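Undergrad: give me a 3D structure for the following:
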Amino acid sequence: MNFRRFNLIGSLQWRLVTIFILLTFVLMISAGISLNYFVENFYYDTFKAGIENGFEYWGIDSNANPKKEEILEYLTANNKANAMSLFSINNFRSFTVIDMKTNEILYTDERMPYRETLGQDIQSSRNYLAVLAGKAGDQGKLIRIGDKVFFDYARRIGNSDYVLYFRYDREEWAGAMRAFNKIIRLSFVIAVILSMIFGYALSKTITVPIVNLMHKARKMASGDFDQVVEVKSDDEIGKLTRTFNFMAKELKNTLNQISREKSKIETILNFMTDGVIAFDVNGAVIHINPAAKRILKIDEFSLDFNDFSKKYDLGVSIEEIKYLEKYSTKEVITDIGEKFVRICFALFTDKENNAEGIIAVLHDITEEQKLENMRKEFVANVSHELRTPLTSIKSYSETLLDGALEDRETAEKFLGVINSEADRMTRLVKDLLQLSRLDNKQMKWNMQEFSFEDLVKSCVEKVRFSSNEKKQILECFTIGEISNIVGDKDRIEQVILNILTNAIKYTPVEGKIMVYIGKMYGDVYVKVADSGIGIPKEDLDRVFERFYRTDKARSREMGGTGLGLAIAKEIVEAHNGKISVSSELGKGTEVTVKLPVCN
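TA: Presented below is the predicted three-dimensional model:
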C-alpha cells in the first residue's frame, strides 16, 4: 500500500475513504438518535397508558365531581394500595394532588423526587398549564430541569377542581438506555473500521486506474507518446482508459505531423537563398535563417526591429509595419556592403487576425542590379557603336552631296570610308543578331563529328598571313593523341579564329604566338599564348562582357566590335565546354578552350 499517497488529504482515494467514514458516522448517529427517541416514546406511552387505565378502573368519568375528601381518602395512606395499583406507582413513579383554583398541593406521594422545588416545577409544567386551560395534560415529553430528567403528566379528576400530577423519573430506564447506547457505540466503531477497509478496497478500484493514467500522462508530457493503458472494465473508468489510449495515439500522430512540418519549414528556411528574419509583435527577433546572416555578413543577430531598421537605414518602424493590412507588404531596397538587398516586410497574424509579428524577407539583388547596369551599359555601348559609323557615313555623304563628287579622287576616298563604316555596322549587327539567337536558344546548330586537331591547324594557317605581316612568330604544337569531338564545326572555327585574331591584334610586331593542342581527361583543349600587351588584373573578370574593351580607342581602330569573346563564351558553353583567360599586363595573354570528346 502506498501510505504516502493514502495519507494525503488531497488524494482522491483518501477522500473516498473519508466519505465512506462520514456516511457511516451519519447513519450510526441517525440510528442512535432515532432509537433513543423511539425508546423514550415507548416508556412515555407506557407511563401515559398506565395513568389512563387507572382513571378508567377508578370509574371517574368526565362528568363526575368528587369531593376533596373522597379523593384524598381514596388515594392517601388510608387506602394507598388503590393508587399504586391503579396508576402503577413505584419507586420511580409518583403523584401529587393539586387544587386548580388555589394551586395548593393537597397531597404529595413520599416517592416524589425533588420535593423542595415541586411547587415551582408544577407551575412551569406545560402539562399542568394545559389542564388549567381546559386541554389534555399531554403536552410535553422528557423534561430537563437542571440535573432533573423525568416525564410528567397531568389529569383533571372528573369535573372537579382537583388535578392529579404524575412524574416518571428517567432512572427507571436510564440503565437500559446506557446499555443500548454502549452497543450503538461499539457498532459505530466496528462500522467505521469496516467502512475504512471496504472504502479503501473500493476506492482502489477507482484510483489505481486513475493513478496509472496519471503516470502515463506524465510520461506523455515528457515526450514519450508510446503509452498504452490496459483496459480492465467496461465502466466509466474503462471508457476513460480507452479515451486516453485514443488520445495518446492521436496526439502522437498530430505531433509527428507537426514535427514533420516543422522540420520541413526549418529545412526550407535553412537552405533557401533568400534571408528570413522573424520579429514578434514587440520587435524582438524570434528567428533568423543562415541566408539572412550571410546577406548581413554577421554571425549573431540580437537587434530588435527598430535597431535593425536604424542600422541598415531602412526608414521603417515597427509601428508603421504593424498597421499594414493583412495582405499588404512594404519593400525597401538598400545596400549592405557591396550587395544590393531588397527587404520585404509583412505581418503574420493569429486566427482572430491579431498581429503576431513581422516577417522580413531579404532578397540579394546584387546580380539583378549588375545585370541592369550591364543592360544600361549595353544599350549605351550599342548606341555609341552605331552612332560613330553613322556619323561618319552622314558627314561623308553630305560632303559628297555638296560637290565632292566632282573630285574623283576625293569621292573614291569618301566612298571607301562609307563602305568601311557600313561593313563595321554590318559586323556589329551580325554579332548582335548572333548573340540574340544564342540568348534566346534560337541558334541552329549543325552538330557533327570532326577532328579538333585538323580544325585548329586549319585556323592557324588562315591567320598566318596576318601574323606574317606583323613579322610575328606563329607556331602550333600537338601534345599526344587528340580525339574527335562532336559539335558545330563552323561555330567552333569562329571561336578559334576570334582568339587567334585577338592574339595577333594585341601582340606587337615581331611578337610570339604559341598554339597548343592537347587532351586532358575527357576533354580536348586548345591554348593560345601570346606575348602581347596583356590585360590588367582588374579587367580579367570582365573580358567576356559584351562591348567591354580594355583599350576602347585602340580596339575600335582595329575594327573590333567588343562582342567577339562574349560570342565565343556563349558558343563554347553551348557545347558544354569552358573558356578561360589568364594574363599579366605587359607580358602577354593565355586563352584556353576545353571541349568534351566523343563518347
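
Undergrad: list the residues that contact the residue nearest to Cys344 when sequence neighbours are not counted.
TA: In this structure, Cys344 finds its nearest non-sequential neighbour in Val361, 4.6 Å apart by Cβ to Cβ, 6 or more residues apart in numbering. The C-beta positions use only the backbone N, C-alpha and C, and glycine is treated the same way. Residues near Val361 by Cβ atoms under 8 Å, 6 or more residues apart in numbering: 274-276, 343-344, 346.

Undergrad: show me what Val361 bridges to in the sheet.
TA: Val276, Cys344 (DSSP bridges).

Undergrad: for Ala201, see how far away it is.
TA: Counting by Cβ to Cβ, to the nearest Å, the separation of Val361 from Ala201 is 66 Å.

Undergrad: ok, the most centrally placed residue in the chain to Lys471 distance?
TA: Nearest residue to the geometric centre of the chain (Cα atoms, centre = their mean): Ile258, 8.9 Å. Relative to Lys471, Ile258 is positioned 79 Å away (Cβ to Cβ).

Undergrad: over to Tyr107?
TA: Applying Cβ to Cβ to Tyr107 and Lys471 gives a distance of 178 Å.

Undergrad: tell me which of these two has more neighbours.
TA: Between Tyr107 and Lys471, counting by other Cβ atoms under 10 Å, Tyr107 is the more crowded of the two (17 against 10).

Undergrad: so which strand or helix has the more buried one?
TA: Using DSSP states H and E, Tyr107 maps to strand 105-108.

Undergrad: just the strands from the stretch 401-550 of the chain, written as ranges.
TA: In the stretch 401-550 of the chain, the strands defined using DSSP state E, counting those that start in this stretch lie at 447-450, 473-478, 485-488, 512-520, 523-530.

Undergrad: okay, these, which one's buried deepest?
TA: Compared across the strands of the stretch 401-550 of the chain, strand 523-530 shows the largest average neighbour count, a mean of 22 (mean count of other Cβ atoms under 10 Å).

Undergrad: pLDDT of that one, averaged?
TA: Regarding strand 523-530, the rounded mean pLDDT is 93.

Undergrad: can you list contacts of it?
TA: By Cβ under 8 Å, 6+ apart, the residues outside strand 523-530 that reach it are 452, 456, 482-483, 485, 496, 499-500, 503, 506-507, 511-519, 577, 588-597.

Undergrad: hmm, which of those residues are the buried ones?
TA: Buried members of those, scored by 16 or more other Cβ atoms under 10 Å, are 452, 456, 482, 485, 496, 499-500, 503, 506-507, 511-519, 577, 588-596.

Undergrad: I'd like the next helix or strand past the strand holding Tyr107.
TA: That would be, after strand 105-108 and using DSSP H and E, helix 118-123.

Undergrad: that next one: which residues count as buried?
TA: Taking 16+ other Cβ under 10 Å as the criterion, helix 118-123 shows 118, 121-122 as buried.

Undergrad: what's the first helix or strand after the helix ranked longest in the chain?
TA: Ranked by number of residues, the top helix in the chain under DSSP state H is helix 171-221. Per DSSP H and E, helix 171-221 leads on to helix 236-271 as the next helix or strand towards the C-terminus.

Undergrad: what about that next one, average pLDDT?
TA: Here the average pLDDT along helix 236-271 is 79.

Undergrad: list the buried residues in that helix.
TA: 237, 241, 244-245, 248, 269.

Undergrad: so where's the stretch 151-300 of the chain uncertain?
TA: 225, 227, 229-234 (pLDDT under 70).

Undergrad: and the closest residue in space to Leu142 that isn't next to it in sequence, how many neighbours?
TA: The shortest distance from Leu142 to any non-neighbouring residue, by Cβ to Cβ, 6+ apart, is to Glu40 (5.8 Å). Residues near Glu40, counting by other Cβ under 10 Å, number 16.

Undergrad: I'd say Glu40 and Ile143 touch.
TA: No - with contact defined as Cβ atoms under 8 Å, Glu40 does not count as touching Ile143 (11.5 Å).

Undergrad: nothing else from me, thank you.
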